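J.: Test case, fold it:
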Amino acid sequence: MFSIFNGKKAAQYIFFEMLPSFILGLFVFISIILMFQVLRLTEFALVHGVALKVIGEIIGYVVISLLPVLFPMALLFSVLLTYGRLSQDSEVVAMKASGLSMGTLLLPALVLALLVGVISAQTSFIIAPWGNRQFEVLFSRLANTKATAVIKEGTFAEGFFDMVVYANEVDSKKGTLKKVFIYDEKNGEVPLTIIAKDGSLLPDPDRPGQEVLLRLNSGEIHRQAKTHTKISFDTYDVHFAEPEYNEEKAKSPQSLTIQEVGERLKEDIKDPEQRRILETEMHKRWAISVLCIVFALIGVGLGTTTNRRAAKAGGMILCIGLIIFYWTLYVAAEGAARSGAIPVPIAIWAPNFIFGALGFESLRRNWN
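T.: Alright, predicted model coming up:
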């Protein structure tokens, strides 16, 4: 009875030691992700004049869409840091000497991994797709309102009201374009090609992102059907309107909930590549959720190596190294699954099995 009581106290002690580290790890990895977006967000704010409120919405949706992968990373950070400190301070040795088994020491990490895994699964299945969809819609509206945010000098920009736009020179502040080329396929079977010396974008302040007036100067309109039609103009106003059906546009696979992915897979999909993409999306949602258990095993196995006398920073370095190794395997496996080189289930679950085997081996060495 005494050993059972001690085991319960030790498990509670380890569990509540991991919670602050998990929250800290979550903030750390969110900060790292946002660091890679700083330059782009700064460009939106300073160059294109996007409001800070919109920037905040972009950051929020990006973080929400990435939460399913951030949870396992924060869990690995927490387990490695906590068990590494216990090992470094010889608390693991003391607990084992008092009669506690390795299973008792492993239990808190598994409980936390199950809790985080359930949250990660719900986030991956429903919340993250919603965040990704909101980001797509917001960015589309932003692109239409601040067209110069996506139209770069000397490059063909797609996505501006479903057209291809090219300009030699772009003034982001004034919203003016010079030497403009527009390819418009919205007219059906007969696309229009518009060439103009210069133009200016005048978004509707009452319906931002929904209506834009493009005023072109000194240009030509070409229409190629059975005969070629050419119209020259001094000033030509193109009124672009996109009603509120933005939300109804086709979602990307990343924006589909797990239920929607399953419904799509039940349909008769003739394109094998599209089916592989949907199957990949289905399997990787589950694989990321199960990854919490895998990371808990490997974290405890490596963290309880009693002969390691690393500094506290060693846990973070080891965590980053494992994450980079895992995601390198994961990206390669996902690419192989999408291309059809490897069957989707085998490719997507292979990194989990590899790291799971590594975790079991490290636990086996420390079990006694």
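J.: Every contact and neighbour count from this point should use C-alpha atoms.
T.: Noted.
J.: Could you tell me how many residues sit around residue 325?
T.: Residues lying near residue 325 (other CA atoms under 10 Å) number 13.
J.: mind listing what's buried in the helix or strand containing it?
T.: For residue 325, the host element (DSSP states H and E) is helix 313-339. Neighbour counts over helix 313-339 (16 or more other CA atoms under 10 Å) mark 315-316, 318-319, 322-323, 329-330, 333-338 as buried.
J.: helices or strands up against it?
T.: Applying 3 or more CA pairs under 8 Å, 6 or more residues apart in numbering; DSSP states H and E, we find helix 313-339 packed against helix 52-88, helix 272-303, helix 344-366.
J.: now the second one and helix 344-366, what's the angle there?
T.: In this structure, helix 272-303 runs at an angle of 10 degrees to helix 344-366, with axes from the mean of the first three to the mean of the last three CA atoms, to 10 degrees as the basis.
J.: List the buried residues in helix 272-303.
T.: 275-303.
J.: again with the last one
T.: For helix 344-366, burial by neighbour count (16+ other CA under 10 Å) applies to 344, 347-352, 355-356, 358-363, 366.
J.: lowest average confidence, helix or strand, in the chain?
T.: strand 156-160 (a mean of 66; mean pLDDT, DSSP states H and E).
J.: Sheet-wise, list the partners of whichever helix or strand comes after it with their directions.
T.: Next in sequence after strand 156-160, counting helices and strands by DSSP H and E, comes strand 163-171. Paired with strand 163-171 in the same sheet, following DSSP bridges, are strand 156-160 (antiparallel), strand 176-184 (antiparallel).
J.: most tightly surrounded among these?
T.: For the strands paired with strand 163-171, average neighbour numbers computed from mean count of other CA atoms under 10 Å are highest in strand 176-184, which has a mean of 20.
J.: now what about the helix or strand following it, what contacts it?
T.: Remark: after strand 176-184, the chain's next helix or strand is strand 192-203, criterion DSSP H and E. Here strand 192-203 makes contact (CA atoms under 8 Å, 6 or more residues apart in numbering) with 145, 147, 175-185, 209, 211-224.
J.: Pull out the buried residues from strand 192-203.
T.: Applying 16+ other CA under 10 Å to strand 192-203 flags 192, 193, 194, 195, 196, 197, 198, 199, 200, 201, 202, 203 as buried.
J.: tell me the angle of it relative to strand 176-184?
T.: 130 degrees.
J.: Pull out the C-alpha coordinates of strand 192-203 and format them as PDB.
T.: What follows is strand 192-203, C-alpha atoms only, in PDB (Å, rounded to 0.1, in the frame of the first residue of the first chain):
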ATOM      1  CA  LEU A 192     -10.200  38.200 -73.500                       C
ATOM      2  CA  THR A 193      -6.700  39.600 -73.600                       C
ATOM      3  CA  ILE A 194      -6.400  43.200 -72.500                       C
ATOM      4  CA  ILE A 195      -3.200  45.300 -72.900                       C
ATOM      5  CA  ALA A 196      -2.900  48.800 -71.600                       C
ATOM      6  CA  LYS A 197      -0.200  51.400 -71.100                       C
ATOM      7  CA  ASP A 198      -1.100  52.000 -67.500                       C
ATOM      8  CA  GLY A 199      -4.000  51.600 -65.000                       C
ATOM      9  CA  SER A 200      -5.200  52.200 -61.500                       C
ATOM     10  CA  LEU A 201      -7.100  50.100 -59.000                       C
ATOM     11  CA  LEU A 202     -10.000  51.700 -57.200                       C
ATOM     12  CA  PRO A 203     -11.500  49.400 -54.600                       C
END
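J.: Residue 120: which of the buried residues of helix 344-366 is nearest?
T.: Distance to residue 120, by CA to CA, is smallest for residue 352 among the buried residues of helix 344-366, at 15.6 Å.
J.: The closest one reaches residue 291, doesn't it?
T.: Yes: between residue 352 and residue 291 a contact is recorded at 6.4 Å, counting by CA atoms under 8 Å.
J.: re the thing from before, so which of the helices and strands packed on helix 313-339 comes closest to residue 110?
T.: Smallest distance to residue 110 across the helices and strands packed on helix 313-339 (CA to CA): 6.3 Å, for helix 272-303.
J.: by contact count, what packs against the closest one?
T.: Counting contacts by 3+ CA pairs under 8 Å, 6+ apart, helix 272-303 packs against helix 52-88, helix 102-122, helix 258-266, helix 313-339, helix 344-366.
J.: Quick one: those helices as CSV, columns for distance to residue 132 too.
T.: CSV is the format used below for those (distance: least, CA to CA, whole Å):
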stretch, distance to residue 132
helix 52-88, 5
helix 102-122, 15
helix 258-266, 14
helix 313-339, 19
helix 344-366, 21
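J.: and the ones you listed, which one is worst for confidence?
T.: When the helices and strands packed on helix 272-303 are ranked by mean pLDDT, helix 313-339 comes last with a mean of 84.
J.: shouldn't residue 21 be in contact with residue 80?
T.: No: Residue 21 lies out of contact with residue 80 (CA under 8 Å); the separation is 9.6 Å.
J.: The two - which one has more neighbours?
T.: residue 80 (29 against 20).
J.: From residue 367, how far off is the more buried one?
T.: 17 Å (CA to CA, to the nearest Å).
J.: just to revisit the earlier point, nearest to residue 90 among the buried residues of helix 344-366?
T.: Among these, and counting by CA to CA, the member closest to residue 90 is residue 366, at 13.9 Å.
J.: so residue 355 makes contact with residue 293?
T.: No: using CA under 8 Å, residue 355 is not in contact with residue 293; the gap is 10.5 Å.
J.: Tell me, please, where in the stretch 101-250 of the chain the pLDDT is lower than the cut-off.
T.: Residue ranges of the stretch 101-250 of the chain with pLDDT under 70: 140-152, 157-162, 172-173, 186-189, 203-212, 225, 239-250.
J.: make it 90
T.: For the stretch 101-250 of the chain, the stretches with pLDDT under 90 are 101-106, 131-250.
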